[in-house]
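> predicted model, plus sequence, below.
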Amino acid sequence: MKTRKLELNEHNLTRALWEEIFNEDSKKFLDYYYFMKAKDNEIYVIENDQEICSMLHLNPYALKLEDTQFQGSYIVGVATKPLHRKKGYMGTLLRQSLSDMYKRKEPFTFLMPAAESIYTPYDFRFVYDQDHTTLTDVKNIDGYKSVEATFFDCERIAAFYTENIEKNWQICTLRDSAYYQSLLLERQSELGGIRMVFEEDKLIGIFTYMMEDGLEIMEPLFLPGYESAMEQSVIQLKTEKNISGNIKIYASLIDTQEKKPAIMVRILHLEQLLKTLKVKPGKQLHCSFAILDYILPQNSKVWEIYNDLNSPDTPNVLHVKETEDSEGVLTIGALTSFVFGYKTLEEVAKEENVILTDHLAEELKKLKPLNRIYLNEVV
């Protein structure tokens, strides 16, 4: 058994394993993936007699995290041949890749799990729920038009996202024209595309769609007040494509029927993450706590965090250093759930190995949670 990271010119060697395990993916999609995504991602594998038995892909994404930006990694394509399962191969690949990302000081990594139970032992925790809804026919309203986007439109689409959408989130992917060109190819590989919606000459919204299994709408992003334009443009698309039945909509920014857990996060370089956090306005915070991290033991230290209200420019910036005196204990998974705003401190306090003094609990509540998250990447 040999564990290694493939060279770029070897990435296509994993396609056979992808086709075997993820057989729901079409040839057209895989052509896209191995042409666009696998050309510059990282792929870890375990080989047995030169046969690839297990793999894990890290797809690079530029990410916004509060006031900072970093090059992060999205874990996809985690797969093991059936004959080699239950041998710890996935755990080996996860530990190696997590360690390498830690060395690069990436604050966190993320994934969309096939099952939550697979990743919780490695301290991944859900942080983001995706909105799901179903749209039936609505009354036709004139005034909006939608058109198919081309490669030449991607710069305008990226500008629309940056100017109107990105600013609303603490955590999201940064999207330039290359991002949307790649996304356009991805949707086209799924018999879909990207639609641009206009009120006269004003771009008021965008959404992507797929038609492999009926009409499915991904990420309808519209200016405030134009929710009806979203519905109208989707119905217009349905009519153009002569598709019957209801329409599934995912990751909408309007009130929806259902939210489903979608993205799990794993904190990597804890010190880097803590330094991005903010203290709630007007609050003075000072506390210390021990962290238990059995996968990345470099994080298992006693951390002191505090802000300086007398600092004229950065009163809410969190300062971080190592110390010796601890007021309590948090697992890295429990801290993830709390910091990303997915669980309350009261819920976290009930978890195994978590110990919180009253003072520590009161101080941690002064942190501004990272709960405005928008992560909808698929691959």
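Done, it's in.
> could I get the full set of helices for the stretch 201-350 of the chain?
All helices of the stretch 201-350 of the chain, identified by DSSP state H, counting those that start in this stretch, fall at 227-240, 270-276, 332-339, 345-349.
> out of those helices, nearest to Asp129?
Closest approach to Asp129 among the helices of the stretch 201-350 of the chain is made by helix 332-339 (13.2 Å; CB to CB). C-beta: built from backbone N, CA, C; applies to glycine.
> please save the CA atoms from stretch 1-15 in CSV.
Written as CSV, here are the backbone C-alpha positions of stretch 1-15 (Å, rounded to 0.1, in the frame of the first residue of the first chain):
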residue,chain,number,x,y,z
MET,A,1,0.0,0.0,0.0
LYS,A,2,1.4,3.4,-1.0
THR,A,3,-0.1,6.8,-0.2
ARG,A,4,0.9,9.8,-2.4
LYS,A,5,-0.2,13.0,-4.1
LEU,A,6,-0.4,12.6,-7.8
GLU,A,7,1.5,14.7,-10.3
LEU,A,8,-0.8,16.9,-12.4
ASN,A,9,-0.1,14.8,-15.5
GLU,A,10,-1.4,11.7,-13.5
HIS,A,11,-4.7,13.1,-12.5
ASN,A,12,-6.6,11.4,-15.3
LEU,A,13,-5.6,8.0,-13.8
THR,A,14,-8.3,8.5,-11.2
ARG,A,15,-11.1,8.8,-13.8
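> what sits up against that stretch?
For stretch 1-15, the external contacting residues (CB atoms under 8 Å, 6 or more residues apart in numbering) are 30, 34, 38-48, 52-53, 55, 57, 77, 92-93, 96, 100.
> got a list of what Ala178 touches?
Cys154.
> part of a helix, is it?
Yes. Applying DSSP: H, G, I helix; E, B strand; the rest coil, one finds Ala178 inside a helix.
> Tyr209 versus that one, what's the distance?
Taking CB to CB, to the nearest Å as the measure, Ala178 falls 21 Å from Tyr209.
> ditto for Gln298
Using CB to CB, one gets 43 Å for the distance from Gln298 to Tyr209.
> who's more crowded, the two?
Each of Gln298 and Tyr209 has its neighbours counted (other CB atoms under 10 Å); Tyr209 has more, 24 against 13.
> if that one is in a bridge, with which residues?
With beta bridges defined as DSSP bridges, Tyr209 has these partners: Gly193, Ile217.
> in terms of contact, does it touch Arg195 like I think?
Yes. Tyr209 is in contact with Arg195 according to CB atoms under 8 Å; the separation is 6.7 Å.
> just give me the neighbour total for the closest residue to Lys368 other than its chain neighbours.
The shortest distance from Lys368 to any non-neighbouring residue, by CB to CB, 6 or more residues apart in numbering, is to Lys278 (4.3 Å). A total of 20 residues lie near Lys278 under the criterion other CB under 10 Å.
> same check, this time on Lys103
Counted with other CB under 10 Å, the neighbours of Lys103 add up to 11.
> also the one 4 residues further on?
Using other CB under 10 Å, Pro107 has 23 neighbouring residues.
> going forward, count from 47.
Yep, numbering from 47; the last one is Pro153 now.
> can you tell me how far it is from Thr114?
Distance of Pro153 to Thr114, computed by CB to CB: 8 Å.
> where does the stretch 297-425 of the chain have low pLDDT?
The stretch 297-425 of the chain contains residues with pLDDT under 70 at 299-303.
> can you show me the strands along it?
Along the stretch 297-425 of the chain, the segments classed as strands by DSSP state E, counting those that start in this stretch run 304-313, 324-325, 332-338, 348-352, 365-368, 374-377, 401-402, 413-414, 419-420.
> turn the ones you listed into a markdown table, including distance to Ile67.
Shown next, in a markdown table, are the strands of the stretch 297-425 of the chain (distance: least, CB to CB, whole Å):
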| stretch | distance to Ile67 |
| --- | --- |
| strand 304-313 | 19 |
| strand 324-325 | 41 |
| strand 332-338 | 33 |
| strand 348-352 | 39 |
| strand 365-368 | 40 |
| strand 374-377 | 31 |
| strand 401-402 | 41 |
| strand 413-414 | 40 |
| strand 419-420 | 28 |
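> any idea which helix or strand carries Glu93?
strand 88-94 (DSSP states H and E).
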